[in-house]
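Novice: sequence plus the predicted model coming up.
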Amino acid sequence: MRNTQLQIDYQICSFEELALADQKLVEAAKAACLTSYAPYSHFSVGAAAALDNGEIVCGSNQENAAYPSGTCAERCTVFYANARYPEAAVTTLAIAARTEDGSYTANPITPCGACRQVLLETEHRYGKAMRILLYGSHHTYVIASCSQLLPFQFSSDSCGW
């Protein structure tokens, strides 16, 4: 038996250090937090997707009393983008979150496991890397590909398809 190690590369930067297009996308994700329906967790998450056709699509988490019938902001956004623009790949996805007091989280939040799987499937569907911007008011993470978030992947390759 041998030990091995996995490592991901990502950048940490301030909002001001982001390219203007990335700043715009983060601002769209922050604005999407305001459309969240989160009466149970009081944790509003917004996401904004930049598509390769130039469009920006936004979504937010939508909770339901019958857990887990709600949906996360990331899946809401990506599924809407895929339905509205089925030929357009998501090139970058920005994610932001607000707490009950209305402030944005100091540290970036990351997608849940289900969202990571959906993001990975979307990346595979279009054959293009999907950059991820995880916003926090203190710093932002920039990840070159959503596959970095799910190093042991389950995909069509796993099934032999």
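Specialist: Sure, I can see it. Residues are numbered from 1 along each chain as shown.

Novice: what segments of this protein are helices?
Specialist: For the chain, applying DSSP state H gives helices covering 20-32, 73-84, 113-126, 156-159.

Novice: for the third one, buried residues please.
Specialist: Judged by neighbour count (16 or more other CB atoms under 10 Å), helix 113-126 contains these buried residues: 115-124, 126. Placement of C-beta: from N, CA and C, glycine included.

Novice: and it, how far out from the chain middle?
Specialist: With CA atoms, centre = their mean, to the nearest Å as the basis, helix 113-126 stands 10 Å off its chain's centre.

Novice: which outside residues touch it?
Specialist: Residues outside helix 113-126 that contact it (CB atoms under 8 Å, 6 or more residues apart in numbering) are 72, 74-75, 78-79, 82, 89-90, 93, 111, 129-130, 132, 145-147, 149-150, 153-156.

Novice: list only buried entries from the residues you listed.
Specialist: With burial judged by 16+ other CB under 10 Å, the buried subset of the contacts of helix 113-126 is 72, 74-75, 78, 82, 89-90, 93, 111, 129-130, 132, 145-147, 149-150.

Novice: and stretch 79-90, how far from the chain's centre?
Specialist: Computed by CA atoms, centre = their mean, the chain-centroid distance of stretch 79-90 equals 15 Å.

Novice: ditto for stretch 28-36
Specialist: With CA atoms, centre = their mean, you get 13 Å for stretch 28-36.

Novice: ok, back up a step: the helices of the chain: which one's closest to S103?
Specialist: Ranking the helices of the chain by proximity to S103 (CB to CB) places helix 20-32 first, at 11.2 Å.

Novice: quick one: contacts of that closest one?
Specialist: 15-16, 18, 46-48, 50, 56, 58-60, 73, 77, 92, 94-96, 98, 104, 133, 135, 140, 142.

Novice: much appreciated, bye for now.
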